[in-house]
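In: Got a predicted structure plus its sequence, pasted below:
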Amino acid sequence: VFEDMLFGPLNYGMPRPEAEALVDRTLAELNLTHLKNRRNHKLSGGEKRMAAIATILAMEPETIILDEPSNALDPYNRRLVIQTIQALPQTKLIVSHDLDLVWETCTRVLLLTAGRLIADGPAQVLLRDKALLEENRLELPLRFQGA
(Lines give C-alpha, C1' and ligand atoms only; values in the text may rest on other atoms or scores of the structure.)
Protein backbone atom coordinates (compact mmCIF):
# COMPACT_ATOMS: atom_id res chain seq x y z
CA VAL A 1 0.00 0.00 0.00
CA PHE A 2 2.78 2.42 0.94
CA GLU A 3 4.63 1.96 -2.37
CA ASP A 4 1.42 2.33 -4.38
CA MET A 5 0.61 5.55 -2.55
CA LEU A 6 4.09 6.92 -3.31
CA PHE A 7 3.62 6.46 -7.06
CA GLY A 8 1.54 9.60 -7.67
CA PRO A 9 3.51 12.10 -5.59
CA LEU A 10 6.84 10.82 -6.92
CA ASN A 11 5.60 11.05 -10.51
CA TYR A 12 4.47 14.62 -9.82
CA GLY A 13 8.11 15.35 -9.01
CA MET A 14 7.87 15.43 -5.22
CA PRO A 15 11.15 14.48 -3.50
CA ARG A 16 10.96 11.00 -1.95
CA PRO A 17 11.33 12.11 1.71
CA GLU A 18 8.51 14.63 1.26
CA ALA A 19 6.36 12.06 -0.56
CA GLU A 20 6.93 9.49 2.20
CA ALA A 21 5.93 12.03 4.84
CA LEU A 22 2.78 12.88 2.85
CA VAL A 23 1.85 9.20 2.52
CA ASP A 24 2.41 8.58 6.23
CA ARG A 25 0.31 11.63 7.09
CA THR A 26 -2.49 10.52 4.73
CA LEU A 27 -2.53 7.02 6.20
CA ALA A 28 -2.66 8.45 9.72
CA GLU A 29 -5.48 10.87 8.86
CA LEU A 30 -7.56 7.98 7.52
CA ASN A 31 -6.62 5.65 10.40
CA LEU A 32 -5.04 3.28 7.91
CA THR A 33 -1.47 3.02 9.21
CA HIS A 34 -2.10 -0.69 9.80
CA LEU A 35 -2.29 -1.14 6.00
CA LYS A 36 1.02 0.58 5.26
CA ASN A 37 3.09 -2.57 4.70
CA ARG A 38 0.28 -4.83 3.49
CA ARG A 39 0.10 -6.20 -0.05
CA ASN A 40 -2.90 -4.96 -2.00
CA HIS A 41 -3.93 -8.42 -3.16
CA LYS A 42 -4.17 -9.51 0.49
CA LEU A 43 -6.60 -6.74 1.50
CA SER A 44 -10.33 -7.17 1.99
CA GLY A 45 -12.71 -5.32 -0.32
CA GLY A 46 -13.20 -2.55 2.21
CA GLU A 47 -9.49 -2.24 2.86
CA LYS A 48 -8.83 -2.05 -0.89
CA ARG A 49 -11.43 0.70 -1.24
CA MET A 50 -9.90 2.69 1.62
CA ALA A 51 -6.37 2.14 0.27
CA ALA A 52 -7.53 3.41 -3.12
CA ILE A 53 -9.01 6.54 -1.53
CA ALA A 54 -5.77 7.07 0.42
CA THR A 55 -3.75 6.68 -2.78
CA ILE A 56 -5.83 9.36 -4.47
CA LEU A 57 -5.60 11.71 -1.47
CA ALA A 58 -1.82 11.35 -1.43
CA MET A 59 -1.83 13.12 -4.80
CA GLU A 60 -3.60 16.09 -3.14
CA PRO A 61 -6.31 16.53 -5.78
CA GLU A 62 -8.71 19.47 -5.81
CA THR A 63 -11.56 17.26 -7.04
CA ILE A 64 -12.31 13.60 -6.41
CA ILE A 65 -14.57 11.44 -8.57
CA LEU A 66 -15.93 8.31 -6.88
CA ASP A 67 -17.80 5.62 -8.84
CA GLU A 68 -20.02 3.43 -6.65
CA PRO A 69 -17.78 3.89 -3.58
CA SER A 70 -19.91 1.62 -1.35
CA ASN A 71 -20.33 -1.22 -3.84
CA ALA A 72 -19.84 -4.69 -2.30
CA LEU A 73 -18.79 -3.38 1.12
CA ASP A 74 -19.85 -4.86 4.43
CA PRO A 75 -21.73 -2.49 6.78
CA TYR A 76 -18.62 -1.56 8.79
CA ASN A 77 -16.52 -0.64 5.76
CA ARG A 78 -19.48 1.09 4.10
CA ARG A 79 -19.82 3.32 7.17
CA LEU A 80 -16.05 3.97 7.13
CA VAL A 81 -16.18 5.01 3.46
CA ILE A 82 -19.15 7.33 4.13
CA GLN A 83 -17.37 8.94 7.09
CA THR A 84 -14.24 9.39 4.99
CA ILE A 85 -16.18 10.99 2.13
CA GLN A 86 -17.95 13.32 4.58
CA ALA A 87 -14.62 14.49 5.98
CA LEU A 88 -12.94 15.19 2.64
CA PRO A 89 -12.54 18.91 1.99
CA GLN A 90 -12.19 18.43 -1.77
CA THR A 91 -14.97 18.87 -4.29
CA LYS A 92 -16.51 15.43 -4.79
CA LEU A 93 -18.44 13.95 -7.70
CA ILE A 94 -20.07 10.70 -6.63
CA VAL A 95 -21.75 8.28 -9.00
CA SER A 96 -23.91 5.87 -7.01
CA HIS A 97 -27.11 3.87 -6.84
CA ASP A 98 -26.70 3.77 -3.04
CA LEU A 99 -29.13 6.57 -2.25
CA ASP A 100 -28.50 6.34 1.48
CA LEU A 101 -24.81 7.07 0.82
CA VAL A 102 -25.85 9.91 -1.49
CA TRP A 103 -28.15 11.31 1.22
CA GLU A 104 -25.31 11.26 3.76
CA THR A 105 -22.57 12.69 1.52
CA CYS A 106 -24.15 14.98 -1.08
CA THR A 107 -25.96 18.29 -1.01
CA ARG A 108 -26.87 18.30 -4.70
CA VAL A 109 -28.12 15.44 -6.87
CA LEU A 110 -28.18 15.03 -10.62
CA LEU A 111 -30.48 12.17 -11.60
CA LEU A 112 -29.53 10.56 -14.90
CA THR A 113 -31.48 7.91 -16.77
CA ALA A 114 -30.32 6.44 -20.09
CA GLY A 115 -27.71 9.19 -20.33
CA ARG A 116 -30.27 11.99 -19.95
CA LEU A 117 -30.49 14.49 -17.12
CA ILE A 118 -33.88 13.92 -15.49
CA ALA A 119 -33.58 16.08 -12.39
CA ASP A 120 -31.12 18.43 -10.72
CA GLY A 121 -31.63 19.77 -7.23
CA PRO A 122 -31.02 19.54 -3.51
CA ALA A 123 -30.48 16.00 -2.23
CA GLN A 124 -32.98 16.62 0.58
CA VAL A 125 -35.70 17.31 -2.00
CA LEU A 126 -34.96 14.84 -4.80
CA LEU A 127 -34.21 11.88 -2.57
CA ARG A 128 -37.63 12.19 -0.91
CA ASP A 129 -39.53 12.29 -4.22
CA LYS A 130 -40.84 8.72 -4.36
CA ALA A 131 -42.62 9.15 -7.71
CA LEU A 132 -39.53 10.62 -9.39
CA LEU A 133 -37.29 7.87 -8.05
CA GLU A 134 -39.68 5.05 -8.96
CA GLU A 135 -40.14 6.45 -12.48
CA ASN A 136 -36.38 6.05 -12.83
CA ARG A 137 -36.16 2.55 -11.32
CA LEU A 138 -34.85 3.76 -7.96
CA GLU A 139 -36.23 3.50 -4.45
CA LEU A 140 -36.41 5.93 -1.59
CA PRO A 141 -33.41 5.82 0.72
CA LEU A 142 -34.06 3.28 3.50
CA ARG A 143 -34.52 6.07 6.05
CA PHE A 144 -37.71 7.17 4.22
CA GLN A 145 -39.20 3.79 3.37
CA GLY A 146 -42.31 3.08 5.38
CA ALA A 147 -42.57 6.72 6.45
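Out: Ah, there it is.

In: sec struct for Leu133, please.
Out: When classified by DSSP: H, G, I helix; E, B strand; the rest coil, Leu133 comes out as helix.

In: okay, it: pLDDT?
Out: According to the prediction, Leu133 has pLDDT 96.

In: thought it was touching Glu139?
Out: Yes: Leu133 is within contact range of Glu139, at 6.2 Å (criterion: Cβ atoms under 8 Å). (Glycine included, C-beta is placed from N, CA and C.)

In: Between the two, which has more neighbouring residues?
Out: Using other Cβ atoms under 10 Å as the criterion, Leu133 and Glu139 rank with Leu133 on top: 19 against 12.

In: List the contacts of the more buried one.
Out: Applying Cβ atoms under 8 Å, 6 or more residues apart in numbering to Leu133 gives the contacts Leu99, Leu127, Glu139, Leu140.

In: Now list the buried members of these.
Out: Leu99, Leu127, Leu140 (16 or more other Cβ atoms under 10 Å).

In: Sketch out the strands for the protein, chain order is fine.
Out: Shown for the chain, the strands assigned by DSSP state E span residues 63-67, 91-95, 108-113, 116-122.

In: Reformat these as TSV; add mean pLDDT and mean neighbour count.
Out: Formatted as TSV, the strands of the chain follow (pLDDT from 0 to 100; neighbours: other Cβ atoms under 10 Å):
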stretch	mean pLDDT	mean neighbour count
strand 63-67	94	13
strand 91-95	95	13
strand 108-113	96	14
strand 116-122	97	12
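
In: With distance to Ala21 added, can I get those in a markdown table?
Out: Formatted as a markdown table, the strands of the chain follow (distance: least, Cβ to Cβ, whole Å):
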| stretch | distance to Ala21 |
| --- | --- |
| strand 63-67 | 21 |
| strand 91-95 | 25 |
| strand 108-113 | 35 |
| strand 116-122 | 40 |
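
In: Can you tell me the closest non-neighbouring residue to Ile56?
Out: Ile64 (6.1 Å; Cβ to Cβ, 6 or more residues apart in numbering).

In: Tell me how many other residues surround the closest residue to Phe2 other than its chain neighbours.
Out: Spatial nearest neighbour of Phe2, excluding adjacent residues (Cβ to Cβ, 6+ apart): Lys36 at 4.8 Å. Neighbour count of Lys36, defined by other Cβ under 10 Å: 16.
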